[in-house]
Structures are given as C-alpha cells and as structure tokens.
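>>> curious how this folds, go ahead:
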Amino acid sequence: MNFALKSFFCVLFFLTALYSTAQKKPDVVQAPSTDSLKMLSEKMFNAPTDMARYEANDFFIKVLKNDLFNPNSYYFAFDSIKALSVLSSSDSKFKIFTWTLPLKTDCFETFGLMLVFSNKSSTYKVIELNDISSELVNPEKEILKKGQWFGAVYFQLIEKKFKGDKYYSLIGWNGANALIQYKVIDVLMFDRNDDPVFGKLIFRGKGYYGSKRLIFRYGDKVTMKLRYETMTYTVVKTKERKRHNARINTNNDEALRSNRKKVKSKTSTEELIMFDLLVPMRPELEGQYQYYMPLSETANAFYFDEGKWIHKQIKTTDDSTSIKEPVNGLLPN
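The predicted structure follows:
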C-alpha cells in the first residue's frame, strides 16, 4: 500500500469516528472551535510540506485544548471533525481524543488528549498524551504513567468490571511508517489522583503471559482483523472410551477393537476480541514485520474472565456474523 492509499484509509476511518459516542449520550452542542479545528485538520493532512503539517497540528492541539478547558467541554460534540477519534466511557469518567499526523516521509505520528473526571476537585481535567512508542525497547512490558503513552488512534473501547474494579480496554491503530503498521490492545486504569495509567498484566495464553499490552506488527500492504464483537462459534470435544480386546474368530487370532469415540459439539455466543494470528511469509523472515501477514486457518480470540483477557482458538459457525458492530464503524488496515 503506497502512502497516498494509506492516508486514504486513514481518512475513511475517521469519517465515522464519533458516531456511536454521540449515540450513547447525545452531546449538547458542537464544540465552539469546530470550524477552526476542521480547517486545521485539513492542513494537517494536505499541506505540501511536513513543516506546514506540524504547524497546523500544533495549532490544532492549542485550539482543542482551549475548548476542553471549558467547564462544559465533556458535553461538546466533535463528530464533524473527521480527523479526530473520540471515545467516551459509559460512566462519564473520561473522554479520549486521538488522531494521526501523516507526513511526507511516509511516516505517521500519533497524538492524544484526555478529559478525566477528578474526584478530588469534582471537575474534569485535561491531560495531554505523549506518544513514546518509538523510545520503548520492550513496549509490551511497560506500564506507562504521567501522560506517557503507546500512541494509537482508538476505534473501540471495552468496559469490564471485576471485584469492584473497572477495566477499560482500548483497541487502536498506529500507522508507523511505509513498511509496517501496528494494531494495539491497551488497558487503561486510573491512579489515586485520577491520572491515566496505561498497561496491566491482564493477558493470558501461550505467547501472551507477561504482556501489559498487545502490539500486532504487520506489513503495510496487509489487512489485519482486530475488533471486539459478539461471535457465534462451535466447540467440539472428543472423548475416547477404552475397549477390551476380544477373540473374534475360530483361529484364535486376536484383533484389537478400536476405542470408542464420542464427539460432542456445543454452539456458544459471547463477546470476544477477535484477531488474526500474524506469521512471517517465510520462516527466515521472522522478526521482519513488513513481511508478516494473517494466518487465516484459525480464528483467535480473547474472552474476559475474572479480570483477565484469556486467549483461545475457536471454530466459527458457517453462518456466524458480527452481531455487535465495531463502535466506530470502518476500520483501518
């Protein structure tokens, strides 16, 4: 996928970025600086030089922050700003604003802001997120605080509870560069000061133990599935029952009877994070993520159980469909 096409997919993704958020809790009024933000986002994507795009992005951040410092900002709608993805929690704890800046160098930079309700002040505070993904040696192992963040444009927010704790899981995309791209599952919680903490030791399954977030790296020309949806699938269990040997003819020849096999199948429907398993095109290309592509033979998923996301492989039914569409509609690659 060339740079222009990749940028096109980004724009398509952002066209529906706020649809479901507005559905959950209708906002009162469009943000005061909507027209300015729309004009600046246009420059961010289409200015002829990277310097001009950076300048537009800097002004975009300042203008957006100014709107968010308004006491009524939680109820502002930003759905007409197509370059901006906004997700809000059902408990009104926070809103998270994320977007990407496409550069002429075929790279993408990711930016974010948050509105977080402070229990101490009983007001919303504005937090700027700083993408340090390129600085992390082992990003799957890091817990990130003080505004540090593995940058991603989020398109789904999953809310779960366990023993009184609230778990916010975020699914997003990072354009990275001309060779590779990322999809990310991150976990958001809040400390005693109501500041965001990204990453939690919550994933279980072979290859996922010890990870505080999941990062899927794959080629720029590849499409990878990663979304939270309600799936119908079949679980097949085979149980063998041993049988004793028996003489079956007059020549006293013994023949072994095969064990009896009892096959049971059960159809289940549940909410899962469905994803493609990524593998290199050839074994010798392991670790060169521009050559990674989905392995389509199996369906992989995470289900939430007792405060953990647990991996399993499933067989979807022939007529299986997504009952619950991704909250922001169109997905990037």
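
>>> tell me the bridge partners for Pro294.
Leu278 (DSSP bridges).

>>> my guess is it contacts Pro280, does it?
No - Pro294 lies out of contact with Pro280 (Cβ atoms under 8 Å); the separation is 11.7 Å. C-beta: built from backbone N, CA, C; applies to glycine.

>>> is it correct that Glu286 is in contact with Pro280?
Yes - between Glu286 and Pro280 there is a contact under Cβ under 8 Å: 5.0 Å.

>>> so Asn193: helix, strand or coil?
Following DSSP: H, G, I helix; E, B strand; the rest coil, the label given to Asn193 is coil.

>>> compare Glu286 and Pro280 (neighbour count), which wins?
When Glu286 is set against Pro280 and neighbours are counted by other Cβ atoms under 10 Å, the residue ahead is Pro280, at 17 against 11.

>>> what about that one, distance to Asn130?
As defined by Cβ to Cβ, to the nearest Å, Pro280 lies at a distance of 32 Å from Asn130.

>>> the closest residue to Arg213 other than its chain neighbours pairs with what?
The shortest distance from Arg213 to any non-neighbouring residue, by Cβ to Cβ, 6 or more residues apart in numbering, is to Asp186 (4.4 Å). Beta-bridge partners recorded for Asp186 (DSSP bridges): Leu170.

>>> now do the contacts for Asp186.
Contacts for Asp186 (Cβ atoms under 8 Å, 6 or more residues apart in numbering) come out as Phe150, Ala152, Ser169, Leu170, Gly172, Phe198, Gly199, Arg213.

>>> state the distance from it to Leu278.
According to Cβ to Cβ, Asp186 stands 18 Å off from Leu278.

>>> gap between the nearest residue to Gln30 once chain neighbours are set aside and Pro32?
Computed as Cβ to Cβ, 6+ apart, the closest residue to Gln30 that is not its neighbour in sequence is Ala77, at 5.2 Å. Distance from Ala77 to Pro32, counting by Cβ to Cβ: 11 Å.

>>> so what's Lys200 up against?
Residues in contact with Lys200 (Cβ under 8 Å, 6+ apart) are Ile143, Tyr167, Val187, Met189, Lys212.

>>> I meant Glu286, not that one.
For Glu286, the contact set (Cβ under 8 Å, 6+ apart) comprises Pro280.

>>> same check on Leu37?
Leu37 makes contact with Ala31, Phe60, Val63, Leu64, Asp67, Phe78, Ile81, Leu84, according to Cβ under 8 Å, 6+ apart.

>>> and of these, the nearest to Ser118?
Comparing the contacts of Leu37 against Ser118 with Cβ to Cβ picks out Asp67 as the nearest, at 18.4 Å.

>>> tell me which stretches of the stretch 1-150 of the chain form strands.
Secondary structure of the stretch 1-150 of the chain (DSSP state E, counting those that start in this stretch): strands located at 29-30, 76-77, 85-88, 94-102, 108-118, 123-131, 148-149.

>>> and for the stretch 201-333 of the chain?
Using DSSP E, counting those that start in this stretch, the strands of the stretch 201-333 of the chain run over residues 203-204, 214-219, 226-241, 246-247, 254-255, 260-280, 292-305, 308-316.

>>> now render the ones you listed as CSV, adding mean pLDDT and distance to Lys125.
Formatted as CSV, the strands of the stretch 201-333 of the chain follow (pLDDT from 0 to 100; distance: least, Cβ to Cβ, whole Å):
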stretch, mean pLDDT, distance to Lys125
strand 203-204, 96, 30
strand 214-219, 96, 28
strand 226-241, 79, 28
strand 246-247, 50, 78
strand 254-255, 50, 78
strand 260-280, 85, 30
strand 292-305, 87, 29
strand 308-316, 87, 29
